[in-house]
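> Next comes the sequence, and after it the predicted model I'd like to discuss.
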Amino acid sequence: MSSRDDLTLFSYEMLALVGRGGAGAHDLLRIAQRSRFLAWAGESQYYVEPKRLARLGYLEARKEPGKTRQRTVYTLTEKGLDALREWVRTPVAFTPFKSDALIRILATDLVGEEAVREGFAALRDDLEDMRSRVRETADRARALPHREKYLRLGLEFVEGLIGLYEELVDEVDREFATKASRSA
């Protein structure tokens, strides 16, 4: 059993987000919510996981004054940094993901093309919101010169995903509009 069996993909995300400067649990949640790129865990997990990682020695916890009460700020320990160093050398695999769009396509034969096409129409606004968040995150990344290059690479990946979703929305619109007009 590896010494890292107690770490999940979400654990590594937390270690990387804490980074060199440290962060509070609320900061981690705010980062995830603001960009939406990494907001795939339940809100409470952004509070629970850093505590767990501190208990295991991957993060160090210290109290600092907050706006209304003391807050806990986490910093990466040498053990946490070693875990990241070890993990990034392991082979990257395709990570399964939840996709509202793909599940709707899967259900199309059951619910009808027009209904799915209608639901997809709202995705255009959401994708524009995501593009806006990418731009905002890129602006914030400039304030982190030690991470800017790496954040930019990640943002380019996210932009590519947004582009794929846009292509899917266009294709659904074309395919389902064509079939709807043929059957009319």
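Right, received. Where do you want to start?
> Quick one: distance of the helix ranked longest in the chain to the chain centre.
With secondary structure taken from DSSP state H, the chain has its longest helix at helix 148-183. Here helix 148-183 is found 18 Å from its chain centre; the criterion is Cα atoms, centre = their mean, to the nearest Å.
> That one: which residues count as buried?
Neighbour-count burial for helix 148-183, counted by 16 or more other Cβ atoms under 10 Å, picks out 154, 155, 158, 162, 165, 168, 169, 172, 176. (C-beta placed from N, C-alpha, C; glycine too.)
> And the helices in the chain, which stretches?
Under DSSP H, the chain gives helices at 9-18, 25-35, 45-55, 78-88, 100-106, 108-111, 113-121, 123-141, 148-183.
> Confidence-wise, which helix or strand of the protein is lowest on average?
Every helix and strand in the chain was compared by mean pLDDT, DSSP states H and E; the lowest is helix 25-35, with a mean of 81.
> average pLDDT for stretch 116-132?
In this model, stretch 116-132 carries a mean pLDDT of 92.
> I misspoke; the intended subject was stretch 73-90.
95.
> do stretch 54-69 as well
91.
> isn't residue 120 right up against residue 104?
Yes: between residue 120 and residue 104 there is a contact under Cβ atoms under 8 Å: 7.2 Å.
> Please say which of these two ends up with more neighbours.
residue 120 (21 against 17; other Cβ atoms under 10 Å).
> Let me see the contact set for the closest residue to the more buried one other than its chain neighbours.
Nearest non-adjacent residue to residue 120, counting by Cβ to Cβ, 6 or more residues apart in numbering: residue 172, 4.9 Å away. For residue 172, the contact set (Cβ atoms under 8 Å, 6 or more residues apart in numbering) comprises 105, 116, 117, 120.
> Closest one of the residues you listed to residue 24?
Distance to residue 24 across the contacts of residue 172 (Cβ to Cβ) is lowest for residue 120, with 38.0 Å.
> Quick one: closest of the helices of the chain to residue 69.
That would be helix 25-35 among the helices of the chain, by Cβ to Cβ, at 11.5 Å.
> okay, and the common contacts of residue 120 and residue 104?
Joint contacts of residue 120 and residue 104 (Cβ under 8 Å, 6+ apart) do not exist.
> still on that earlier bit, can you redo the buried residues of helix 148-183 as CSV with distance to residue 41?
Formatted as CSV, the buried residues of helix 148-183 follow (distance: Cβ to Cβ, whole Å):
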residue, distance to residue 41
154, 17
155, 20
158, 17
162, 21
165, 21
168, 25
169, 26
172, 29
176, 33
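> could I get these as JSON lines with distance to residue 130 and pLDDT?
Formatted as JSON lines, the buried residues of helix 148-183 follow (distance: Cβ to Cβ, whole Å; pLDDT from 0 to 100):
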{"residue": "154", "distance to residue 130": "14", "pLDDT": "88"}
{"residue": "155", "distance to residue 130": "11", "pLDDT": "89"}
{"residue": "158", "distance to residue 130": "7", "pLDDT": "90"}
{"residue": "162", "distance to residue 130": "5", "pLDDT": "94"}
{"residue": "165", "distance to residue 130": "8", "pLDDT": "95"}
{"residue": "168", "distance to residue 130": "14", "pLDDT": "96"}
{"residue": "169", "distance to residue 130": "12", "pLDDT": "95"}
{"residue": "172", "distance to residue 130": "18", "pLDDT": "95"}
{"residue": "176", "distance to residue 130": "23", "pLDDT": "93"}
